[in-house]
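> next comes the sequence, and after it the predicted model I'd like to discuss.
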Amino acid sequence: MASEADTRANYIDPALKAAQWQSTNIIREHFFTDGRKLAAGVRGRRCFVDYLLYKENRYLAVVEAKKESEHPTKGLQQAIDYAKKLLVRFVYSSNGKQTYEFDLATGKGDYIEFYPTPDELEKRYAGVTTDLGKQLRGIPFHLEGAMQPRYYQELAVHAATDAVGSGLSRILLTLATGTGKTVIAFQIVHKLFQARWNKDEPGARRPRILFLADRNILADQAINTFNPYENDLVKINGEEVRKRNGVVPTNAHIFFAIYQAIAERENIDGYYKAYPQDFFDLILIDECHRGAANDTGSWRAILDHFSNAVHLGLTATPKREANVDTYNYFGKPAFEYSLKEGINDGFLTPYRVKRVRTNLDELVLTGDDVVVEGESQQDIYTTEDYDKKIVVDERTELVAKTILNNIKTLDKTIVFCENQNQALTMRDMINKHKKVKDPHYCVRITSDEGKIGRELLEKFQDNDKDIPCIITSSQMLTTGVDARNVRNVILDRTVNSMVEFKQIVGRGTRVFDGKDYFTIIDFRGATNKFYDKDWDGEPEPPEIGGSGEPKPPPYDPEPPGGEESPEPGKPKLKVTLGKHRELKVIDVEIRYIDDNGKPLTLQEFVERLIAQLPGLFKSIDELRQIWSDPDERETLLDKLVQSGFDKEQLVTLRRMFEAEECDVFDLLAFLAFEQPMATRKARADNVRSNTAFFSQYQQEKAKQFLNFVLNRYEQVGNTELSRQRLPALIELSGLGTTKDASQAFGGKPIQLLAAFKQLQQQLYYVN
């Protein structure tokens, strides 16, 4: 029977050739995502198209091939979804005998006799790109070694250069944290450099570009990315200006600065005013949502001074109330790539949530509690009040102990605290209860630390170093810190802003080998923002004209010292709790995240699992047959992982159904077929009492070994029944080597394995 490959070879390839498509204009079997990260290093399905047609660095069409015996449009919907991701307008689906064309711009399709030629298809995109845009697209990316841009990075760069080519002076790129915004910025600059683009006389000289960040560490990370142009770049700061006897540097093409350094020069006019207003051709604004576009924002004066330059903003944050000014200033994003897309494509790490509740989440002060400072202004204090209105060190100590109990000892962890003082207390409490002797196991890194903090942060970011392992902070680490191996993000602060919440979550999303997911441990209910309709949703269109509505305040970076009293001049309430109070964690609820980034309730989690089960086995007998064979059981467990359910989640389900003493088989049989559950002990006892089964083995050593396996199964679970565990079980039982054990079962390893399998059949068929 003709296959899909036959359709490609016998029909589609000749038809494309007849339409003048050359191999240089066709990418065949194109995988363009990595597949969502699942458990145990397993990846989900990668996005893939049979053919991607392109010309002059613009993707023009996707072609989907089907078997001759199948309907020609069977795969059309998936091809349309992939075309949307690749910003492709035309989709073709063919079984060789018929070819269907679908136009995403009109939403209509029809059967065609011949494929359009490259020129014909390109003309349909007429007006999308200017001559300058085409020229910039045609300049190759700067690639080193085997490095290749990800599909969305390529699209983002082209979107930005198309916008420059169209003469736009305000451009916005919105991409999730960890997706490589600085790499994208570098490739844009590289193309503009190679084209000798500038605002005055294109082609006459290379552009002068200013890269603005709001933190030294972000500027330094960007400088490292721009290393191929190291001879063309300079950093504008006090040290550089002093070296030049008070004169700002002008003999470079790429200038890096943190806006504070060039906006405020000892309260005199900023350094930026020393540059002519038309000096820069392009200004790149990193994390541009952080006040840059607000009328009163510190960056706005700099942008206004260089108003003739092209301003290109980079942000991780879709439009929200807290950053509406950014979108009003730059307009609709030229390109967007969300956190949800990054996780589902496999370029970012998924997360799970642990919501921790303590018996101090609501605090009513009693006569046993001692007021150390200040005075109480209210009857009940909640999680939102801690470290803002009331300081209770015993609560911070309880949180610190709970953190240590819920993370692996050397897992890199960031703890977000309410302010810099609480970050100090948290560090001290973690160090009080830690098991690691190193004095830098847990450190505070906030703006107060200065150079020492930056050095410790660099060590934390080094994936080859275990220490520092835990860092406590408040707002300094909410943006842009590239630490790829962060396994835990701890929230012990109230997060009111969705912008800030997205930035905090982004600290854990970077991909690292062996990191299947990261954990958000939430002590204050901040993760309720996942349920907000704005979480990772589609950005709203920019507002046209004034609405008369008051503008929301700009994002306010943390003030020096990080301390706020309820009222100026009044000390914050500080309390020592009475010695008879019992401090405890009431509940740790694990929530798993679906493909849309929403945490699943336990009921939703179970419903999702039940919906997957019919595709894995059709009856209780089939499930029993699969489960009683160690090899088939492992295959089924792998399929469960690929459906989104790893072994840890199955443990969670067993706990939820009070089935910890049961086998996973019993849990699945209960969920799928409402079969009553049996404990592992009951199953093992049934086999132990089966004299007919044991009587077939002559040697006492064989019977002893099988009983040993039953004991291990009863204590540990079905993981002890895998084929890979057999050598270890033999050793643990005292039988010696596999060869020694085989002697007890007739002399051949195959007889030993057969007995091991037969024991499992007894376990699952007895009940």
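Ah, there it is.
> in this structure Leu60 contacts Leu121, no?
Yes. Between Leu60 and Leu121 there is a contact at 4.8 Å, judged by CB atoms under 8 Å. C-beta: built from backbone N, CA, C; applies to glycine.
> between those two, what contacts are shared?
By CB atoms under 8 Å, 6 or more residues apart in numbering, Leu60 and Leu121 have these common neighbours: 53, 90.
> what sits against the residue sitting nearest the centre point of the chain?
The residue lying closest to the centre of the chain (CA atoms, centre = their mean) is Thr509, at 3.1 Å. Residues near Thr509 by CB under 8 Å, 6+ apart: 176-178, 339, 342-343, 348-349, 351, 518.
> then Asp428?
Not one residue lies near Asp428 by CB under 8 Å, 6+ apart.
> determine the three-state secondary structure at it.
Taking DSSP: H, G, I helix; E, B strand; the rest coil as the rule, one finds Asp428 in the helix state.
> now do Phe605
Under three-state DSSP, Phe605 comes out as helix.
> grab the nearest non-local neighbour of it.
Tyr592 (5.8 Å; CB to CB, 6 or more residues apart in numbering).
> report pLDDT for the one you found.
Per-residue pLDDT puts Tyr592 at 73.
> hang on, it in a strand?
Yes. According to three-state DSSP, Tyr592 belongs to a strand.
> which strand residues bridge it?
Applying DSSP bridges to Tyr592 yields these beta-bridge partners: Arg352, Leu600.
> surely Arg688 touches Phe708?
No. The pair Arg688 / Phe708 is not scored as a contact, 11.7 Å apart, by CB under 8 Å.
> next, Gln642: phi, psi?
Backbone torsions of Gln642, given as degrees, to the nearest 10, read phi -70, psi -20.
> thought it was touching Val42?
Yes. Contact status for Gln642 versus Val42: in contact at 6.2 Å, counting by CB under 8 Å.
> who has more neighbours out of those two?
More crowded of Gln642 and Val42, by other CB atoms under 10 Å: Gln642, with 18 against 14.
> now Ile490: closest residue in space that isn't a chain neighbour?
Nearest non-adjacent residue to Ile490, counting by CB to CB, 6+ apart: Val415, 4.2 Å away.
> then that neighbour would be within a helix, right?
No. Assignment of Val415 by three-state DSSP gives strand, placing it outside any helix.
> contacting residues for it?
Val415 makes contact with 403, 423, 426, 430, 470-473, 490, 492 under the criterion CB under 8 Å, 6+ apart.
> inside strands: which ones of the contacts of Thr509?
Mapping the contacts of Thr509 onto strands (DSSP state E) picks out 351, 518.
> which ones among the contacts of Thr509 are found in helices?
Among these, the subset assigned to helices under DSSP state H consists of 339, 342-343.
> can you tell me which of these comes closest to Val505?
Distance to Val505 across these (CB to CB) is lowest for Leu339, with 7.3 Å.
> how near is the closest one to Asp345?
From Leu339 across to Asp345, the span is 11 Å (CB to CB, to the nearest Å).
> strands along the stretch 1-150 of the chain, start to end?
26-31, 48-55, 58-65, 90-94, 99-103, 108-112 (DSSP state E, counting those that start in this stretch).
> okay, those in a markdown table with distance to Gly133 and mean pLDDT next?
Below are the strands of the stretch 1-150 of the chain laid out as a markdown table (distance: least, CB to CB, whole Å; pLDDT from 0 to 100):
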| stretch | distance to Gly133 | mean pLDDT |
| --- | --- | --- |
| strand 26-31 | 21 | 93 |
| strand 48-55 | 14 | 94 |
| strand 58-65 | 10 | 94 |
| strand 90-94 | 20 | 95 |
| strand 99-103 | 22 | 95 |
| strand 108-112 | 27 | 94 |
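> in TSV, list those strands along with distance to Gly374 and mean neighbour count.
Formatted as TSV, those follow (distance: least, CB to CB, whole Å; neighbours: other CB atoms under 10 Å):
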stretch	distance to Gly374	mean neighbour count
strand 26-31	61	14
strand 48-55	62	21
strand 58-65	63	24
strand 90-94	66	26
strand 99-103	68	18
strand 108-112	69	12
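> got phi/psi on the closest residue to Val664 other than its chain neighbours?
Among residues not flanking Val664 along the chain, Leu650 sits closest, at 5.5 Å (CB to CB, 6+ apart). The phi/psi pair for Leu650 (degrees, to the nearest 10) reads phi -70, psi -40.
> surely Leu650 touches Leu640?
Yes. Applying CB under 8 Å, one finds Leu650 in contact with Leu640, separated by 7.3 Å.
> measure the residue nearest to the centre of the chain to Glu341 for me?
Thr509 is 12 Å from Glu341, by CB to CB.
> overlap in contacts, these two.
In terms of CB under 8 Å, 6+ apart, Thr509 and Glu341 are both contacted by the residues Ala176.
> list the contacts for Arg36?
43-44, 343-346, 350, 595.
> neighbour-wise, which one of those leads?
That'd be Ile343 among the contacts of Arg36, by other CB under 10 Å, with 25 neighbours.
> picking that back up, which of the contacts of Val415 fall in strands?
Among these, the ones falling in strands (DSSP E) are 470-473, 490, 492.
> with neighbour count as extra columns, can I get the residues you listed in JSON lines?
Shown next, in JSON lines, are the ones in strands among the contacts of Val415 (neighbours: other CB atoms under 10 Å):
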{"residue": "Ile470", "neighbour count": "30"}
{"residue": "Ile471", "neighbour count": "28"}
{"residue": "Thr472", "neighbour count": "29"}
{"residue": "Ser473", "neighbour count": "28"}
{"residue": "Ile490", "neighbour count": "27"}
{"residue": "Asp492", "neighbour count": "27"}
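> taking the residues you listed, tell me the two that lie furthest apart.
Greatest spacing in the ones in strands among the contacts of Val415, by CB to CB: Ile471 and Asp492 (13.3 Å).
> could you count how many residues lie near Arg725?
By the measure other CB under 10 Å, the count of residues near Arg725 is 17.
> isn't it up against Thr719?
Yes. Counting by CB under 8 Å, Arg725 touches Thr719, with 7.1 Å between them.
> hmm, back to that, the more surrounded of Leu650 and Leu640?
Each of Leu650 and Leu640 has its neighbours counted (other CB under 10 Å); Leu640 has more, 21 against 17.
> any idea how far Val664 is from the more buried one?
Distance, Leu640 to Val664, using CB to CB: 9 Å.
> what of Lys412?
31 Å.
> equivalent analysis for Lys681, please.
Here Lys681 is placed at a distance of 15 Å from Val664 (CB to CB).
> the two: which is more packed in?
Val664 (21 against 14).
> show me where the stretch 401-550 of the chain has its strands.
Assigned by DSSP E, counting those that start in this stretch, the stretch 401-550 of the chain shows strands spanning 412-417, 442-444, 470-473, 486-492, 518-522.
> reformat those strands as CSV; add distance to Arg655 and mean pLDDT.
Output for those, formatted as CSV (distance: least, CB to CB, whole Å; pLDDT from 0 to 100):
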stretch, distance to Arg655, mean pLDDT
strand 412-417, 24, 95
strand 442-444, 30, 94
strand 470-473, 27, 94
strand 486-492, 21, 95
strand 518-522, 17, 94
